[in-house]
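Peer 1: Prediction below, plus the sequence it came from.
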Amino acid sequence: MSIQLVEACYGPLQQCSVSAPDGAVIGIIGSDGAGQIELLRLATGQARPDMGEIQFNDPAQLLGPADDLEIEQAKTIAIFHTFALKDAVMRGQALNQIEKQRKAGATVLLVSHELEFLLDIVDEIWWMSQGRVFRKGDPQEVISRYRLAISQQLRAQTPSGEMHPSMRRGDGRAKIRKLEIVNSEGQPVIHLNSGEDAAIRVSLEFTAPVADPVVGIMIRTRVGFEVFGTNTQLEGVKLGPCDAGDSRRITFSFVAGLCPREYTLTAASHDPDGVWHDWMEDAIAFSVGDSRHTAGVANLRAKVTVEKG
């Protein structure tokens, strides 16, 4: 084995045992502080474990985020987020050098948060958590499980319940008092799983009579691309007439068929002719996660079949 740790303890690493063969490119993922840089220091001989054993091969190279992306001839090459700030040409040149070194028998350890990048180049993924290699193996399988874990962590976060619109305007005849995204369990969230049943709740109070109020929503990507919008008028739902002091809670139910990324939610109350009572632009930010990567914004979950012909 080119690299082997046996019950190694060093900094956040706690009884970490793992091995990597010669001629392999290993991608390393996990939350910051899980022990990635400490593992690389041990694997390149720049540190010794407080307890346990370490085996590695010289010569060894360790690159950090600020280092030039220049791959040397070495038996062990450890790269800690060095690709993150480099342009496409530099990345391509470095990948060519990594492939040459791998074919010559070098072991490459590559820490990165760019999961798709890792999927293109690594032979195996190590998922680090709490100072140990929590899971390792096939890149697609491990990264799918990692994405699912991230989604579950985000889902468990307690939403603030606060609205922070980038712009708010209207004549004030109605006021949006509460805006929520709820998951399939009916719980307010700031993160959804792609494909699950979800809903948007708009709670408003009228401060003056409104004969025929219309309430609408708009989902956009973080850069402002319109993904989906509707309102009660388009859906054939009548809310009024409403008097001062009346309140309404409107629920828009849908399937969250969105690709993993960040989105914003806009909500508004207005007259049928477009005169606004209360317009809250990008009032809530939320995210969507999935166990796999998909491109674009609409997650259509296509089924693929192949026929000979």
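Peer 2: Done, it's in.

Peer 1: How far off centre is stretch 229-246?
Peer 2: 35 Å (C-alpha atoms, centre = their mean, to the nearest Å).

Peer 1: List of residues touching that stretch?
Peer 2: 174, 205-219, 248, 250, 252, 268, 272 (C-beta atoms under 8 Å, 6 or more residues apart in numbering). C-beta coordinates here come from the backbone N, C-alpha and C atoms, glycine included.

Peer 1: Quick one: mean pLDDT over stretch 25-37.
Peer 2: In this model, stretch 25-37 has an average pLDDT of 95.

Peer 1: now that stretch, how far from the centre of its chain.
Peer 2: On C-alpha atoms, centre = their mean, the centre of stretch 25-37 falls 16 Å from the chain's centre.

Peer 1: same check, this time on stretch 100-117
Peer 2: 22 Å.

Peer 1: So for that stretch, first residue to last residue, what's the gap.
Peer 2: Distance between the boundary residues of stretch 100-117 (C-alpha to C-alpha, to the nearest Å) amounts to 18 Å.

Peer 1: May I see the ChimeraX selection of the buried members of the contacts of stretch 229-246?
Peer 2: The buried residues among these can be selected in ChimeraX (16 or more other C-beta atoms under 10 Å) with this line:
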select :174,205,206,207,210,213,214,215,216,217,218,219,248,250,252,268
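
Peer 1: Now, the contacts of stretch 229-246 that are in strands?
Peer 2: If you go by DSSP state E, the contacts of stretch 229-246 have 174, 205-206, 214-219, 248, 250, 252, 268 in strands.

Peer 1: Just give me the closest of these to residue 302.
Peer 2: residue 219 (21.3 Å; C-beta to C-beta).

Peer 1: Just the residues contacting the longest helix seen in the chain, thanks.
Peer 2: Counting residues, the longest helix found in the chain (DSSP state H) is helix 139-156. For helix 139-156, the surrounding residues in contact (C-beta under 8 Å, 6+ apart) are 27, 29-30, 115, 118-119, 122-127, 135-136, 183, 189-193, 260, 287, 289-293.

Peer 1: how does it look with 6 Å?
Peer 2: Helix 139-156 has contacts (C-beta atoms under 6 Å, 6 or more residues apart in numbering) with 29, 115, 119, 122, 125, 127, 135, 191, 193, 289, 291-292.

Peer 1: mind exporting that helix as CSV, just the C-alpha atoms?
Peer 2: In CSV, the C-alpha atoms belonging to helix 139-156 read as follows (Å, rounded to 0.1, in the frame of the first residue of the first chain):
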residue,chain,number,x,y,z
PRO,A,139,-17.7,7.8,-6.2
GLN,A,140,-21.3,7.9,-7.5
GLU,A,141,-22.6,5.9,-4.5
VAL,A,142,-20.7,7.7,-1.8
ILE,A,143,-21.5,11.2,-3.2
SER,A,144,-25.2,10.3,-3.6
ARG,A,145,-25.2,9.4,0.1
TYR,A,146,-23.3,12.5,1.0
ARG,A,147,-25.8,14.7,-0.9
LEU,A,148,-28.7,13.0,0.9
ALA,A,149,-27.0,13.6,4.2
ILE,A,150,-26.5,17.3,3.4
SER,A,151,-30.1,17.6,2.4
GLN,A,152,-31.2,16.1,5.7
GLN,A,153,-29.0,18.4,7.7
LEU,A,154,-30.4,21.4,5.9
ARG,A,155,-33.9,20.1,6.4
ALA,A,156,-33.3,19.8,10.1
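
Peer 1: Could I get the full set of helices for this structure?
Peer 2: According to DSSP H, the helices that the chain contains are 36-43, 88-103, 115-121, 139-156.

Peer 1: Would you mind finding the most buried of these?
Peer 2: Of the helices of the chain, the one with the most neighbours on average (mean count of other C-beta atoms under 10 Å) is helix 36-43, at a mean of 24.

Peer 1: can you list the residues that contact that helix?
Peer 2: In contact with helix 36-43 (C-beta under 6 Å, 6+ apart) are residues 3, 10-11, 13, 28, 47, 54, 56, 62, 78, 80, 109, 111, 128.

Peer 1: want to throw the ones in strands among the contacts of stretch 229-246 into JSON lines with distance to residue 162 and pLDDT?
Peer 2: Putting the ones in strands among the contacts of stretch 229-246 into JSON lines (distance: C-beta to C-beta, whole Å; pLDDT from 0 to 100) gives the following:
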{"residue": "174", "distance to residue 162": "20", "pLDDT": "97"}
{"residue": "205", "distance to residue 162": "18", "pLDDT": "97"}
{"residue": "206", "distance to residue 162": "22", "pLDDT": "97"}
{"residue": "214", "distance to residue 162": "25", "pLDDT": "97"}
{"residue": "215", "distance to residue 162": "20", "pLDDT": "98"}
{"residue": "216", "distance to residue 162": "21", "pLDDT": "97"}
{"residue": "217", "distance to residue 162": "18", "pLDDT": "97"}
{"residue": "218", "distance to residue 162": "19", "pLDDT": "97"}
{"residue": "219", "distance to residue 162": "19", "pLDDT": "96"}
{"residue": "248", "distance to residue 162": "21", "pLDDT": "97"}
{"residue": "250", "distance to residue 162": "20", "pLDDT": "97"}
{"residue": "252", "distance to residue 162": "20", "pLDDT": "97"}
{"residue": "268", "distance to residue 162": "18", "pLDDT": "97"}
